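> Quick one, what's the 3D model for this:
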Amino acid sequence: MRRLVTLLRPVRRAVLARRRLLAALLAAVAVATGLHAASAAPPAEVPVVVAAHDLPSGAVLTVGDVRTVGFDPASVPEGAVTDPAGRTLAAPLRAGEPLTDVRLVGPALTDGYPGLVAVPVRLPDAGMAGLLAVGDRIDLVAADPQGAAATVVATGVPVLALPDSPSAEAATGLTGRLVVVGAEPAEVTRLADAAVRSFLTYAFAD
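Predicted coordinates:
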């Protein structure tokens, strides 16, 4: 132990003799580190359009409904929309949620449903349509007002969007509610004919 103390004594004397120089050196390092941190460029950001406030399904977007927020490039969602003004929301959107193509009424609604096309149909009973949620699968049934037997015109179609809202219905003067479903191309003509000639209803698919 004495030998260790003896060996360290010159080192201690050398440190004490140069303590002012060491203190100045450490201070300079601290200042340089602080200046580097202050002058470092901020992280790269990508502008992304998000909802400025809670928005209901069927809302026709205006400039005041959205705002631009900086996102880390790695967190930018696929299909981000840069100019959504005038587009119609396919489903409700919370404040701060990014606007993407699958949130708007349009061709992108069928992403995830290969082979299907988006078809709007108007159910005459708005209350009945209000029981639906995006993602439900339904069988569409056409009932003849003249009393003929009802027929199933589409089976297991997914609900892609519920764009109508009470305000939209009042503005258009149309009754019922618009529902966008995903259908096989061969079913489109049959659905269009049934929407014009028959009373459309639905049953939840198994």
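> Helices of the chain, residue ranges please.
Using DSSP state H, the helices of the chain run over residues 2-17, 19-39, 126-129, 166-172, 188-197.
> can you tell me which of those the model trusts least?
Among the helices of the chain, helix 166-172 carries the lowest mean pLDDT, a mean of 49.
> tell me the contacts of residue 63?
The contact partners of residue 63, by Cβ atoms under 8 Å, 6 or more residues apart in numbering, come to residue 85. Yep, even glycine has a C-beta here, placed from its N, CA and C like the rest.
> can you pull the buried residues of the lengthiest strand in the chain?
As assigned by DSSP state E, the longest strand anywhere in the chain is strand 151-161. Using 16 or more other Cβ atoms under 10 Å as the test for burial, strand 151-161 gives 153-154, 157-161.
> Give me the domain ranges for this structure.
Here the domain parsing of the chain from automatic domain parsing is 2-39, 41-101, 105-206.
> Next, work out how far apart residue 65 and residue 152 are.
Distance, residue 65 to residue 152, using Cβ to Cβ, to the nearest Å: 39 Å.
> State the distance from residue 159 to residue 118.
Distance from residue 159 to residue 118, by Cβ to Cβ: 11 Å.
> shared neighbours of these two, anything?
Taking Cβ under 8 Å, 6+ apart as the criterion, residue 159 and residue 118 both touch 180-181.
> Residue 82: neighbouring residues, count only.
Neighbourhood size, residue 82 [other Cβ atoms under 10 Å]: 9.
> Tell me the spacing between it and residue 143.
Residue 82 sits at a distance of 44 Å from residue 143 (criterion: Cβ to Cβ).
> swap in residue 117?
24 Å.
> distance between the ends of stretch 86-96?
Stretch 86-96 has its terminal residues 19 Å apart, counting by Cα to Cα, to the nearest Å.
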